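> Next input, structure requested:
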Amino acid sequence: MLAVNYTTLRDNMKTYMDKITDDYETMIVTRKDNKNVVMLSEESYNNMMENIYVMGNKSNYDWLIESKAQLENGMVSSHDLSEVEADE
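Alright, predicted model coming up:
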């Protein structure tokens, strides 16, 4: 996680925004009176919101934990995928 003050961010906005989006960095922008702001990429934000949604639903969370346990215990199988022709 990066931390930068507002003035430095303003003077180097493109550089910091590129670092956030290209390197998946999260940045704290420090401001007076401890009114800090966190910057992250849209992709990171969307991922975080999806995780909050999935983990916030108990049945989804339980299903994920069960699936993870099955994977860790070798309870997996593979299947061939078949092509399906679209109706024309």
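
> Next, find the distance separating residue 13 from residue 71.
Using CB to CB, to the nearest Å, residue 13 is found at 43 Å from residue 71. (Glycine included, C-beta is placed from N, CA and C.)

> Same check on residue 19?
Counting by CB to CB, the gap from residue 19 to residue 71 is 34 Å.

> which of these two has more neighbours?
Shown here are residue 19 and residue 71; by other CB atoms under 10 Å, residue 19 has more neighbours (17 against 10).

> name the element the more buried one belongs to?
helix 13-22 (DSSP states H and E).

> Residue 60 too?
Counting by DSSP H and E, residue 60 is part of helix 58-72.

> Residue 8 too?
Using DSSP H and E, residue 8 falls in helix 6-11.

> what does that helix rub up against?
Here helix 6-11 makes contact (CB atoms under 8 Å, 6 or more residues apart in numbering) with 16, 27, 29-31.

> Now a ChimeraX select for only the buried ones of those.
Only the buried entries of the contacts of helix 6-11 go into this ChimeraX selection, using 16 or more other CB atoms under 10 Å:
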select :16,27,29,30
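
> Check which helices and strands the helix or strand harbouring residue 47 is in contact with.
Using DSSP H and E, residue 47 sits in helix 42-56. Where contact means 3 or more CB pairs under 8 Å, 6 or more residues apart in numbering; DSSP states H and E, helix 42-56 is packed against helix 58-72.

> And the contacts of the helix it packs on?
54-55, 76.

> Kindly provide the whole-number mean pLDDT of that helix.
Across helix 58-72, the average pLDDT comes to 92.

> so how far is that helix from its chain's centroid?
19 Å (CA atoms, centre = their mean, to the nearest Å).
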